[in-house]
Structure formats: structure tokens, C-alpha cells
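Undergrad: what follows is a predicted structure for the sequence shown.
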Amino acid sequence: MWESLKAQLLEIGTAQLTGTDASEYESKSTAGPGAGGRGSVFFSYEGHRVRLSVADESPITIRHIGGGTVMLTYGCIEVLGKLEKPGSHCPGQAYITISGSCIFHCKYCPVPANAAPTKQTDEIISLVRDAGDITAISLTSGVTGSAEEEEERTLAVVKALNEFDIPIGVSIYPVSGTARRLHEAGVAEVKFNLETATPGLFAEMCPGMDRDMVNAELDEAVKLFGRNHVFTNLIFGLGETDEEMKTAIDDLCARGIIPSLRPFSPGGELKDLPRPGFRRFMNLYKHHRAALAANGLDTREAKTMCIACTGCDMVPGRD
């Protein structure tokens, strides 16, 4: 039931939030699909979760009854569940964007148009301390000057956060040696994003970025961090075919890398491009599940970032 319901909810991606005040359960993002938006909530049902952006109009309604208890309504579907409080951006983690602006202009990304300042290390430490009961710290970042400078800034933050003695995951745009330096700094897991299913689509969507470098650092990361602890985002809905997406999934899983299948969320220069539909969600999800199993990969081993959260994506083994 949950897999089908979540795919239907992610197809829409938004919800009207009604009922009693639920502001303590809302989260705002400076990175990812929700960057610059009104905010989002995490709906939880029987240990599973989905993240939906709050909107003035949506066919999905989440009515807050009180104390986090909500009734989700979508057509003839009614599900009683809970809203989860975000630690910092997502439940159970302090998921923090270091630099909220970026010199790259990926066509689907809203970050350049909603640039936010770079957080200082002291501010990040305070956010982690204020996040409450968390089991992981996850860091991501745009590129404000150069990728080398961003990595140096990230390494300094990681070293300062090691005092919390919980797993730290990092997702940044890599340069040669990034995986090794993050591993030496004490990072537990990494995510270097390939973003698209094919090199041609990557060149079109992410001008100026080096896909070969990302691939090289992903392979090096598997050697250092081990299988089940190296991830990459693959966005579907940008114009690739199902076969192209499945080929990319198969290749990554064979290399020991867990892909996170991220449904396209209209934004950036592609605001008029539609979100993927329910049937495509389920088709790719089933293939993803089979590819992970065939290569002995287990998403339940992940400790940080998106695979551990599951809010924005369908995650085989957790959903």
C-alpha cells in the first residue's frame, strides 16, 4: 500500500496544509527541489515518510488535527498519519547547506535565482546543537567561488563537527582527490551527483560541470567508504527515456554506487516541464529495487543524507 500511495503523492509533490497551526512541523530549504519555496512538511505513516511542498492549491490536503496528528486526503484516499518535526531540514538529521549560492546554472535548479549566504562554521555548529535528537549530520553546498574553495570550506566544517561523534555525510561537487580528502577528515558517506541519465543530457542541463570527474570520484569513493555508503542523484523527467534511466541505474549499482532516483521538480529554467507520472515512478522504482538486489546493495545500511531520509524519493529497501 505505501509504495503505491507514496508514488501517487510524489507525482503531485505538493499539499495544502489546513487545520490547527502546524508551523513547528514546517521546513524550508536552500538546496534541492524545495529551494526558495514556501516550505514543506514530512508526512509519516507506519514508519515511512514522504516530503510534500506546502502550496495554496493542491489536490492533496493535509489537515492538522493537533499534536502532529493529521488526516491526509487525496481523491478517495484518506490516511491518518503524523507530521514529523524536522531536525534541521529533515527528521532525524541536521541536513545543512553550507553555501546557498552557486556559480553553475543547471537548468532545473532554483538555487542561483534564490541565492542564500554562506554559513560560517560557528553558525553550523549552532544549527546542529539546536536540531534536537538527531542520529546524523549531512552537509551539502553550492559552489560560490571555485569547487576547490568549496571543498576546503566543507573540510573545515567537517573537522569542527567531528566533536558530535555521529556519522557525517557530505554531498558537494568534487574535484580530483575530493573523496580521499573527505575520507581522511572523518566523513562517513558521500554523494557526488551525476544528475542525469546520460552524458548528453548532463552537458545540456549542467553546462560547465565535469561528469567524468564526478564518475571518477564516485569510483574512488567506493574503494574508500565501501559499498552502501556512496550515493549519487539521478533526476528523472528531464527528457531521458526509461531505457536510458535503467541503463544508468544498472551501471551505477554494478559499480557499488547507490543511485537516488529524484523526480524532477519544476524549477529554474524548466518551470513549465511537468513532474513524472505515477506509472513512471513505479516502473523505475521496481527496476531500481531489482538492480540493487542483483548487486548486493542495501539502502538500509545508509546512515546519512537522502537515502537515509527517504522524504523526496522512492527508496527500495526502506519504502
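TA: That came through fine.

Undergrad: tell me who's in contact with the residue of the chain most remote from its centre.
TA: Relative to the centre of the chain, and counting by Cα atoms, centre = their mean, the farthest-placed residue is C76 at 29.5 Å. When the contact criterion is Cβ atoms under 8 Å, 6 or more residues apart in numbering, C76 has no partners at all. Every C-beta, even on glycine, is put in place using the N, C-alpha and C of the backbone.

Undergrad: distance of it relative to M282?
TA: Shown here: C76 relative to M282, a distance of 19 Å by Cβ to Cβ, to the nearest Å.

Undergrad: repeat for V230
TA: Counting by Cβ to Cβ - V230 and M282 are separated by 26 Å.

Undergrad: next one, pLDDT for the residue farthest from the centre of the chain please.
TA: Predicted confidence (pLDDT) for C76: 95.

Undergrad: again, but for G317
TA: Value for G317, per-residue pLDDT: 96.

Undergrad: what's the answer for C90, then?
TA: Reading off the model, C90 has pLDDT 88.

Undergrad: from memory it sits against V41, does it?
TA: No: look at C90 against V41 with Cβ atoms under 8 Å: they stay out of range, at 11.1 Å.

Undergrad: neighbour-wise, which of these two wins?
TA: Remark: of C90 and V41, C90 carries more neighbours, 28 against 24, as counted by other Cβ atoms under 10 Å.

Undergrad: still on that earlier bit, which of V230 and M282 has more neighbours?
TA: When V230 is set against M282 and neighbours are counted by other Cβ under 10 Å, the residue ahead is V230, at 26 against 17.

Undergrad: which stretches in the stretch 1-150 of the chain count as strands?
TA: Secondary structure of the stretch 1-150 of the chain, counting by DSSP state E, counting those that start in this stretch: strands at 14-19, 40-45, 48-54, 60-66, 69-74, 77-84, 89-90, 93-97, 136-140.

Undergrad: out of those strands, flag the one nearest A216.
TA: strand 136-140 (20.2 Å; Cβ to Cβ).

Undergrad: which residues are contacting that closest one?
TA: Residues contacting strand 136-140 (Cβ under 8 Å, 6+ apart): 31-32, 92-98, 124, 128, 154, 157-158, 161, 164, 166-172, 188, 303-305, 308.

Undergrad: one more: stretch 216-229?
TA: With Cβ under 8 Å, 6+ apart as the test, stretch 216-229 has contacts from 174-176, 178-180, 183, 187-190, 192, 194, 230, 232, 252, 255-258, 296-299, 301-303.

Undergrad: one more time with 6 Å
TA: 174, 178-179, 183, 189-190, 192, 230, 256-257, 297-298, 301 (Cβ atoms under 6 Å, 6 or more residues apart in numbering).

Undergrad: got the residues you listed as CSV, with pLDDT columns?
TA: Output for the contacts of stretch 216-229, formatted as CSV (pLDDT from 0 to 100):
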residue, pLDDT
P174, 98
T178, 98
A179, 98
H183, 98
E189, 98
V190, 98
F192, 98
V230, 98
G256, 98
I257, 98
L297, 98
D298, 98
E301, 98
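
Undergrad: cross these against helices and list the overlap.
TA: Under the assignment DSSP state H, the contacts of stretch 216-229 contribute T178, A179, H183 to helices.

Undergrad: list the buried ones in the lengthiest helix in the chain?
TA: Criterion DSSP H: the longest helix present in the chain is helix 278-294. Going by neighbour count (16 or more other Cβ atoms under 10 Å), the buried part of helix 278-294 is R280, F281, M282, N283, L284, Y285, H287, H288, R289, A291, L292.

Undergrad: how far away is the second one from A22?
TA: It refers to F281. 26 Å.

Undergrad: could you chop the chain up by domain?
TA: Segmentation of the chain into domains, based on automatic domain parsing, reads 2-84, 89-309.

Undergrad: same list (the ones you listed) but as TSV, adding distance to V315.
TA: As requested, those are exported to TSV (distance: least, Cβ to Cβ, whole Å):
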stretch	distance to V315
domain 2-84	10
domain 89-309	5
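
Undergrad: weakest of those domains in terms of mean pLDDT?
TA: What stands lowest among the domains of the chain, in mean pLDDT terms, is domain 2-84, with a mean of 90.

Undergrad: okay, how far is it across it, tip to tip?
TA: Domain 2-84 has an end-to-end distance of 17 Å (Cα to Cα, to the nearest Å).

Undergrad: that one: how far from the chain's middle?
TA: In terms of Cα atoms, centre = their mean, to the nearest Å, the centre of domain 2-84 is found 16 Å from the chain centre.

Undergrad: spit out the contact partners of V79.
TA: Counting by Cβ under 6 Å, 6+ apart, V79 has contacts Y45, L72.

Undergrad: so it bridges to which residues?
TA: For V79, the beta-bridge partners are L72 (DSSP bridges).

Undergrad: am I right that P259 sits in a strand?
TA: Yes: if the criterion is DSSP: H, G, I helix; E, B strand; the rest coil, then P259 is within a strand.
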